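Peer 1: coords please:
(2 chains)
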Amino acid sequence: MCGIVGIYLKTKKFEKNLGKMLSGMINNMESRGPDSAGFAIYKDEAKKVYKFSLCINDLNFNKFKKEISKKLKKAKLTQISDHVILKTLEQPKKVIEIINSNFPKVSIVGYGRSIEIFKQVGNPKDVAKKFKLDSFSGTHGIGHTRMATESAITTDGSHPYSTGEDECLVHNGSLSNHNNLRRELTKKGNVFNSENDTEVAAGYVSNSLSNNKSLKDTLTSGLKDLDGFYTFIAGTRKGFAVVRDEIACKPAVIAETKNYVAIASEFQAMAHLPDVNSAKIFEPEPGIVYSWGN
Amino acid sequence: MKLDLKKKKLREINNTLQNLDNKKNDRDFVIINPEGSHALCAGLDQEMKVLIKGHVGYYCAGMNQKAHITIDGNVGTGVAENMMSGTVHVKGNASQSAGATAHGGLLVIDGDASSRCGISMKGVDIVVKGSVGHMSAFMAQSGTMLVCGDAGEALGDSLYETDIFVKGSVKSLGADCIEKKIEKKHLNKISALLKKSEIKNIKPDSFKRYGSARKLYNFNIDNVSSY
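Peer 2: A predicted model of the protein is given here:
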């Protein structure tokens, strides 16, 4: 089943409330996915600063902070539950290498100049509370509540998946050609950390974006290359898109006002949003990519 | 009587409506704050009027008998599924499988209905003032579907004896569905439905009629690819 939600702010009016709006959406989608939850929030940082969202699992935060500060000078670390946001001026390639070779217990959930990602197993309400989602501000956000089907209930199996700078993807559905596609993408240099089908779709998007294709074109060509049932919401630093496969068994509803665009698996998820009753509400048509921003 | 979903639980409200005292004549209800709830007004089986103010979730007014239910908003999957009689009027858009397997009554959708509208319908009349999505009237058995807008791909795939009338364009017809000639009795049927759904300014002869070619009724090896 799974629940997916997303919100893209067209104006600055609700930037401070973004976290609160998104957490309400995630909480309301608990019935579609009680196993794990996660969210990505986009908030631009000062120029040249990179943010890394890390899951440190059972590692001691102070110990980790001390050790990584030796290797990454001037890194700023903030702990939120078992996740850490690391801010640095160093280039991503170097940071990833340092983390992977020195801290095998730490997983990089995502990185970029805008994105922060948090995901964990457990009831969506608890996950949103644990990561203090209510307190976040930002420009757009995506969330997911998971009912695990084709791979185990783990942090790695939770959504959103981020396989490139400032990219993320959530998915309701299942893919049937993910093993073949994973092999093809691995040959092209993509790295996968789980057996999950959605991670392959995220890798597909990253691969296409790195070849300078737009998010809209990427998802349009994905309609041919990704076989299975899906509604995807994909986010980039400046943009946001939703697409359903051509059979469209997996639900989605969009509510658009002059201030925001909200997407969710069910209307229930957005019933609490401001002005939603006067919003333009419609169902995205099968096989058509809807996108906002760049 | 006003029923507020912020004050009462969904199950309580459904229970009230499903168990009306036969001796009482208070049969006008307004439901507020539905906030996308599922299965609202499912299983009503008595004469009554219900107005739902706001958007609802899945299977709203499912299995309806005799009740007249109006939704002043959008509905999720399967509105009026398996309806037996009565009317369901959606003032907004409907999600997929609207009126699925419904045996009787009238379903009116003022906006658009998405995919699989009227799937396996068994006698209901469905009027959509907007357009319907792909695979609408799939395996439809009897009843009438009237679409004032356009129809998506594979309209009426594998249908039996449902009459489909579409005013706009049809993206494609499903297996065994063909355009048929409109006769007087069909025009009368359209007129009656337009009147019942309070649609003015549309002429009955502006619709095209689609129905079954009846080639898939019995197994025929020549049609094997269509089964």
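Peer 1: top helix in chain B by residue count?
Peer 2: Ordering each helix of chain B by length in residues (DSSP state H) puts helix B:184-196 first.
Peer 1: what distance separates that one from the centre of its chain?
Peer 2: 17 Å (CA atoms, centre = their mean, to the nearest Å).
Peer 1: try stretch A:112-128
Peer 2: 8 Å.
Peer 1: okay, how far is it across that stretch, tip to tip?
Peer 2: Terminal residues of stretch A:112-128 are spaced 21 Å apart (CA to CA, to the nearest Å).
Peer 1: repeat that for stretch A:46-55.
Peer 2: The first residue of stretch A:46-55 is 23 Å away from its last residue (CA to CA).
Peer 1: now do the buried residues in it.
Peer 2: Within stretch A:46-55, the residues that count as buried by 16 or more other CB atoms under 10 Å in any protein chain shown are A:50-55. C-beta here means a position set from N, CA and C on the backbone, and glycine is covered the same way.
Peer 1: closest to chain B among those?
Peer 2: Distance to chain B across the buried residues of stretch A:46-55 (CB to the nearest CB) is lowest for residue A:53, with 30.8 Å.
Peer 1: what's near enough to touch the closest one?
Peer 2: Neighbour list for residue A:53: A:83-85, A:108-111, A:115-118, A:162 [criterion: CB atoms under 8 Å, 6 or more residues apart in numbering or on different chains].
Peer 1: show the pLDDT at it.
Peer 2: Residue A:53 is assigned a pLDDT of 97 by the prediction.
Peer 1: number of residues surrounding the residue nearest to residue A:145 when sequence neighbours are not counted?
Peer 2: Distances taken as CB to CB, 6 or more residues apart in numbering or on different chains put residue A:33 closest to residue A:145, at 3.2 Å, once the chain neighbours are dropped. Using other CB atoms under 10 Å in any protein chain shown, residue A:33 is surrounded by 24 other residues.
Peer 1: and for residue A:187?
Peer 2: If we define neighbours as other CB under 10 Å, then residue A:187 has 8 of them.
Peer 1: picking up where we left off before, roughly how far does the residue nearest to residue A:145 sit from residue B:160?
Peer 2: Using CB to CB, to the nearest Å, residue A:33 is found at 38 Å from residue B:160.
Peer 1: helix/strand/coil for residue B:137?
Peer 2: coil (DSSP: H, G, I helix; E, B strand; the rest coil).
Peer 1: please name the residues that touch residue A:169.
Peer 2: A:159-163, A:198, A:201-202, A:205, A:232-235 are the contacts of residue A:169 under CB under 8 Å, 6+ apart.
Peer 1: can you name the two of those residues that are farthest apart?
Peer 2: A:163 and A:233 (15.0 Å; CB to CB).
Peer 1: what about chain B, any weak spots by pLDDT?
Peer 2: Chain B contains residues with pLDDT under 70 at B:227.
Peer 1: which parts of chain B sit against chain A?
Peer 2: B:35-38, B:54-58, B:73-74, B:76-77, B:92-93, B:95-96, B:112, B:114-115, B:133-134 (CB under 8 Å from any CB of the partner chain).
Peer 1: show me the strands in chain B, by range?
Peer 2: B:2-4, B:28-32, B:49-53, B:68-72, B:87-90, B:106-109, B:122-128, B:142-147, B:163-166, B:177-180, B:208-212 (DSSP state E).
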